[in-house]
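Chemist: Return atomic coordinates for the entry below.
(4 chains)
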Protein chains: 2
Amino acid sequence: MIKQIKGVTISQVAEAAGVARSSVSRAFTRPDMLSPETVTRILNAAKALGYVPNHTARALSTGRYGNIALTVPDIANPFFPPLIQASQMEADRSDFCIFLGNGSEDPVQEDKLLKRFAGQVEGFVLASSRLSDAQIREHASQHPLVLINRDVEGIARVLIDSGTGVWQAVEHLARLGHRKIVYVSGPSTSWSNQQRSAAVRDASEKFNLTAQTVATIVPSFEAGKNAVDAILKTGASAAIAFDDLTAQGVLAGMAERHVIVPKDFSLIGCDDVLGAMTYPALTSVSNQSSEAGRVAVSLLMEILQAGTIRDVRHTLETHLVIRDTMTNIPAEFALVD
Amino acid sequence: MIKQIKGVTISQVAEAAGVARSSVSRAFTRPDMLSPETVTRILNAAKALGYVPNHTARALSTGRYGNIALTVPDIANPFFPPLIQASQMEADRSDFCIFLGNGSEDPVQEDKLLKRFAGQVEGFVLASSRLSDAQIREHASQHPLVLINRDVEGIARVLIDSGTGVWQAVEHLARLGHRKIVYVSGPSTSWSNQQRSAAVRDASEKFNLTAQTVATIVPSFEAGKNAVDAILKTGASAAIAFDDLTAQGVLAGMAERHVIVPKDFSLIGCDDVLGAMTYPALTSVSNQSSEAGRVAVSLLMEILQAGTIRDVRHTLETHLVIRDTMTNIPAEFALVD
DNA sequence: CTGTTAGCGCATTCAG
DNA sequence: CTGAATGCGCTAACAG
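Modeler: A predicted model of the protein is given here:
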């Protein structure tokens, strides 16, 4: 049994402070049970020796690991870093650590990660999980689990309802006089894509414009760029893209074809992860991804504390962030309402 | 003592299979020490009960946690996600899990995270650590530790030498006929910035062009945009920016002022995190961040296995990735060499 | 090949 | 208020 580095233990502190091991333990977990002076004596001895409580040993004894796991399908997708960051900050408030898992858009990998994490975490947060409902239910039956952007009945979940923001986007386009728009879709199995697609359809109907769909398989810059010909062929005057990455691709593709945005064509993204970092600055539907991470972890903490699984369904509204990629079109085409 | 979920233990499996606990343990860790038939008997019993080895308990006994910690100063900085992803893939090869820590650009927070991770990880990888050399040494004395983009004598480190790529950038500009360039600097304390700044200076001297510096405090899109006036005032015909984010800001600022890149002005970024996602596509110095993550973890694994701390200094070369933001300037200004 | 024994570091009864 | 004893789940000698 080779220890990498033998950390200083509770026993050494106990000896140094001339007390029992249990007192050292209490000094860190229940200082109120000890006389103030012995507490300080122990704490001093601990600091002198550089003692740090061993979380693993504590976990074994208490059954509380102080860790949670967070999985995302693709950390390189700019949607997730803010979510991860916010999750960590929230976890930190309860002194929890986060295991991060990158599912690589692969259900098998994601499942493997969860199994590997089990036994050292108290609960899971799965963001945009690629697992099947059945798999999710299976894991949820073993540990407290909160979903982000995945709607499984009976399991705590926080959903970013892009519908509200997309509706606003369509409405705004209608007011600007557009009559024919296209939705550049994302993965058909994605919950978010279904939301957005439906919102485009419903709002278009309501505001009396026609909406077509140009499909992409994977949301990416390349996919957006490749979709441009199809988009232009529809004769639409504006497009709403599944996400900002795709929109950025569309933007580049348009520029290559000397179609000036917004003069010749209007464009709206989703997720608002690019901020004003494009030129022209991309109008987009805000996504609240960090809020989603925060809420999810906070929910998980509640569940852990209460010890009961709650069937919560927390939805986060979105809204349109207007920047520079839209323009109105000639009055003769304007919407009559 | 409330267990969240009482997992099935080795003892229950032992009883079910009619063997000793140690045999169950061996069935999972050293099956070769048992007769094939008892192994299958145990494995069957285990599966029937849904037994999963408890990693925490195992860690306590062996001192091998099977986890490592990775800290980054800001996960939202596009430099890091690829690094994190590659680190995870490499860790996964050795069946290690990763604790992710986001230092929030704050040494205090970073230090706190490391202390919190200690006791459940076997080693650390610190990417672009904001800690002082002394603090790093302190932690390195307690646990195996590998640095990324931080050069501390005696501690294993992998360094992305942007010097080579920046040198190429300057050389390329010189060949295109530029005589006067500007370096849009990053944080003065950053190791990377020092590398890049020095490379611009040295290469400029070598290729006989004059280089000025326009300083920004924090590398960001905004900073780049705000630097544009100062850049133009220098009368330079090209700029090299500290990173792609800054370069993208410069690009947007130029566009706003109707300075056409690359026709009127040439621009080069660093890190190459934007790919071809700008328009025009940004020429940049590749950064190899994922390779850095991979190598760092692999190094850490080596150290863990060997049980000895090695003073490795692994440097990764960079190179110029030429895209569309550069142009040559009139022959009368061309470099004579 | 397999059972017995003894901890890993800590929290927590139970006695003082 | 504090010390002694017990066990968390598992691995690792040490015997057979």
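
Chemist: From now on I want contacts and neighbour counts done on CA atoms only, so please keep to that.
Modeler: Noted.

Chemist: can you pull out the helices in the stretch 201-337 of chain A?
Modeler: For the stretch 201-337 of chain A, applying DSSP state H, counting those that start in this stretch gives helices covering A:221-233, A:244-256, A:289-306.

Chemist: Remind me what the longest one packs against, helices and strands.
Modeler: If you count contacts as 3 or more Cα pairs under 8 Å, 6 or more residues apart in numbering or on different chains; DSSP states H and E, helix A:289-306 packs onto helix A:80-93, strand A:123-127, strand A:145-148, strand A:157-161.

Chemist: same deal with the first one?
Modeler: Secondary structure elements in contact with helix A:221-233, counted by 3+ Cα pairs under 8 Å, 6+ apart, are strand A:180-184, strand A:210-214, helix A:244-256.

Chemist: same thing but at 6 Å, please
Modeler: Secondary-structure packing of helix A:221-233 (3 or more Cα pairs under 6 Å, 6 or more residues apart in numbering or on different chains; DSSP states H and E): helix A:244-256.

Chemist: So for the helix it packs on, mean pLDDT?
Modeler: In this model, helix A:244-256 has an average pLDDT of 92.

Chemist: How far away from the center of its chain is that helix?
Modeler: 24 Å (Cα atoms, centre = their mean, to the nearest Å).

Chemist: was I right about A:G269 contacting A:D244?
Modeler: Yes - using Cα atoms under 6 Å, A:G269 makes contact with A:D244 at a distance of 4.6 Å.

Chemist: picking that back up, of the helices and strands packed on helix A:289-306, give the one that comes closest to DNA strand C.
Modeler: helix A:80-93 (17.9 Å; Cα to the nearest atom of the strand).

Chemist: Output the closest one as CSV - backbone C-alpha positions only.
Modeler: Output in CSV follows, covering the C-alpha atoms of helix A:80-93 (Å, rounded to 0.1, in the frame of the first residue of the first chain):
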residue,chain,number,x,y,z
PHE,A,80,-22.3,25.5,-21.5
PRO,A,81,-19.3,27.3,-19.9
PRO,A,82,-21.5,29.9,-18.3
LEU,A,83,-23.8,27.2,-17.1
ILE,A,84,-20.9,25.3,-15.6
GLN,A,85,-19.5,28.4,-14.0
ALA,A,86,-22.8,29.3,-12.4
SER,A,87,-23.3,25.8,-11.2
GLN,A,88,-19.9,25.8,-9.5
MET,A,89,-20.6,29.1,-7.8
GLU,A,90,-23.8,27.8,-6.5
ALA,A,91,-22.3,24.5,-5.4
ASP,A,92,-19.6,26.4,-3.7
ARG,A,93,-22.1,28.3,-1.5
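
Chemist: Show me the contact partners of whichever strand or helix holds A:K47.
Modeler: Assessed by DSSP states H and E, A:K47 sits inside helix A:36-49. Residues outside helix A:36-49 that contact it (Cα atoms under 6 Å, 6 or more residues apart in numbering or on different chains): A:13, A:17, A:27.

Chemist: quick one on the thing from earlier: got CSV for the helices and strands packed on helix A:289-306, with mean neighbour count, mean pLDDT and distance to chain B too?
Modeler: CSV is the format used below for the helices and strands packed on helix A:289-306 (neighbours: other Cα atoms under 10 Å in any protein chain shown; pLDDT from 0 to 100; distance: least, Cα to the nearest Cα, whole Å):
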stretch, mean neighbour count, mean pLDDT, distance to chain B
helix A:80-93, 21, 94, 5
strand A:123-127, 27, 95, 9
strand A:145-148, 28, 96, 12
strand A:157-161, 24, 95, 20
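
Chemist: Run through the strands of the stretch 1-150 of chain A in chain order.
Modeler: Ranges of strands within the stretch 1-150 of chain A are A:67-72, A:97-102, A:123-127, A:145-148, based on DSSP state E, counting those that start in this stretch.

Chemist: closest to B:N328 out of those strands?
Modeler: Nearest of the strands of the stretch 1-150 of chain A to B:N328, taken as Cα to Cα: strand A:97-102 at 43.1 Å.

Chemist: For the closest one, output the C-alpha coordinates as PDB.
Modeler: Output of strand A:97-102 as PDB, limited to C-alpha atoms (Å, rounded to 0.1, in the frame of the first residue of the first chain):
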ATOM      1  CA  CYS A  97     -17.300  20.300  -5.300                       C
ATOM      2  CA  ILE A  98     -18.300  19.500  -8.800                       C
ATOM      3  CA  PHE A  99     -17.200  16.500 -10.900                       C
ATOM      4  CA  LEU A 100     -17.400  17.600 -14.500                       C
ATOM      5  CA  GLY A 101     -18.300  15.100 -17.200                       C
ATOM      6  CA  ASN A 102     -18.100  15.800 -20.900                       C
END
